[in-house]
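>>> Please work out how this folds:
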Amino acid sequence: MGREAGSRREAIRLEAARWVVQLDAPACLAADRAAFEAWRDQGPEYEVAFEREAAAWERLDRLRALSPRAETPDADLLAPAHKRSPFRKMDGLDAKGWARAAAVVGALGMVAAGVISATASTAYATAIGERRVIVLSDNSRIELNTNSKVLVRYRKGAREIRLVRGEALFAASPDARPFIVTAAGTQLETSDAAQIAVRVKGDVAAVTVRSGAVDVDLKDSDRESRQPAGVAAVYTPAGGRVQRVSTAEIDRSLAWRQGGIALNGQTLAQAVAEFNRYNRQRISVDEASVSGLRLAGYFQSTEPGSFVAAVTSAFPVRATRDAEGAIHLTARD
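Numbering: from 1, shown residues only. Here you go, the predicted structure:
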């Protein structure tokens, strides 16, 4: 069983290395990128494998100082990035050529890992409807919500995490090194035990301090602030909006940790948008007359059918399904 799992991981790693080469090749087409997205959407292990291979490839120029005992890699692969495009000579590769290129990325990536492990980022991701808990080397924890991704980089002077997309709860352990979370141009920093919930949507970061306190630094600004526990804030390029929130409100916003969605006065349109984060089966509100209905209740995030049944029984709302299975909500006659 372990051998089969190892073989599968190796196969995914090699596929990821091939995609690293193919996506940056000048001959890469839109269809190739669409095929890559379909490959990556198979699961978080595919995305993580791709991020690792891409990071290794980007740092291969650091290997120029090495003197391998065996075969020396092609000098063009190790040339400084500003002097060449690493994929310029790969146009028109046949299947064997792509395989050889992927093998080079994979092999050099393993060598690079031993050299740059102190500075390289590690990616963690979740698929739609998935949740994941990551325990870091210092016992800090990251809880990832649906369709989310973080890049973690631990070094001597700092613990750095970037929330690339989605939502996460960060539980920082006390350490001499600051625990830094970057999301949509907003930087959060603490050196104490703290729990920080962060959600990214475009260039907006929504931050809730569950415990402890964090220092907030906005990108391209000299404004800094310190936010204590019980504060919820929304940060945009134009600034931040901060308010006090109750423990009950914080718990409702974190219902996703138990696989739930807790509604407390949200509109039907807002509730539908929330359910669509967790499910491939889409729901849409097709009439403005019902989009503003206010809802309250607790629902399982991956059971949109139960949510729709509750809405249609409590309100004058009708649900229909189209040929693709999407649910459309309209006013009932």
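
>>> can you give me the helices for the protein?
Ranges of helices within the chain are 2-23, 30-40, 44-58, 95-116, 247-253, 268-278, 288-291, 304-314, based on DSSP state H.

>>> rank those helices by mean pLDDT and give me the bottom one.
Out of the helices of the chain, helix 95-116 stands lowest, with a mean of 51 (criterion: mean pLDDT).

>>> low pLDDT regions in the stretch 151-300 of the chain?
219-223 (pLDDT under 70).

>>> Would you state the strands of it in chain order?
Secondary structure of the stretch 151-300 of the chain, counting by DSSP state E, counting those that start in this stretch: strands at 159-172, 179-183, 186-190, 194-201, 204-211, 213-218, 224-228, 231-236, 239-244, 260-267, 283-285, 294-300.

>>> Dump the ones you listed to TSV, plus distance to Ala314 and mean neighbour count.
Placement of C-beta: from N, CA and C, glycine included. TSV is the format used below for these (distance: least, C-beta to C-beta, whole Å; neighbours: other C-beta atoms under 10 Å):
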stretch	distance to Ala314	mean neighbour count
strand 159-172	28	22
strand 179-183	36	24
strand 186-190	38	23
strand 194-201	28	21
strand 204-211	28	20
strand 213-218	39	19
strand 224-228	37	14
strand 231-236	28	19
strand 239-244	30	12
strand 260-267	12	16
strand 283-285	15	20
strand 294-300	8	15
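
>>> do you know which of the ones you listed lies nearest Pro44?
Of all those, strand 159-172 sits nearest to Pro44, with 11.5 Å by C-beta to C-beta.

>>> ok and the closest one relative to strand 213-218, angle-wise?
Between strand 159-172 and strand 213-218, the angle comes out at 140 degrees (axes from the mean of the first three to the mean of the last three C-alpha atoms, to 10 degrees).

>>> got the CA positions of strand 159-172 in CSV?
Below are the C-alpha coordinates for strand 159-172, written out as CSV (Å, rounded to 0.1, in the frame of the first residue of the first chain):
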residue,chain,number,x,y,z
ARG,A,159,7.6,33.0,10.3
GLU,A,160,5.9,34.2,7.1
ILE,A,161,2.6,33.0,5.7
ARG,A,162,0.8,34.4,2.6
LEU,A,163,-2.9,33.8,2.2
VAL,A,164,-3.1,33.5,-1.6
ARG,A,165,-6.9,32.9,-1.8
GLY,A,166,-9.8,31.8,0.3
GLU,A,167,-10.0,31.8,4.1
ALA,A,168,-8.0,30.5,7.1
LEU,A,169,-7.8,30.6,10.8
PHE,A,170,-4.2,31.1,12.0
ALA,A,171,-3.2,30.0,15.5
ALA,A,172,0.2,31.4,16.2
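
>>> re the thing from before, and the strands of the stretch 151-300 of the chain: which comes nearest Ala27?
Among the strands of the stretch 151-300 of the chain, strand 159-172 comes nearest to Ala27, with 27.5 Å by C-beta to C-beta.

>>> Who does that closest one pair with, and is each partner parallel or antiparallel?
If you go by DSSP bridges, strand 159-172 pairs up with strand 141-144 (antiparallel), strand 149-154 (antiparallel), strand 179-183 (parallel), strand 194-201 (antiparallel).
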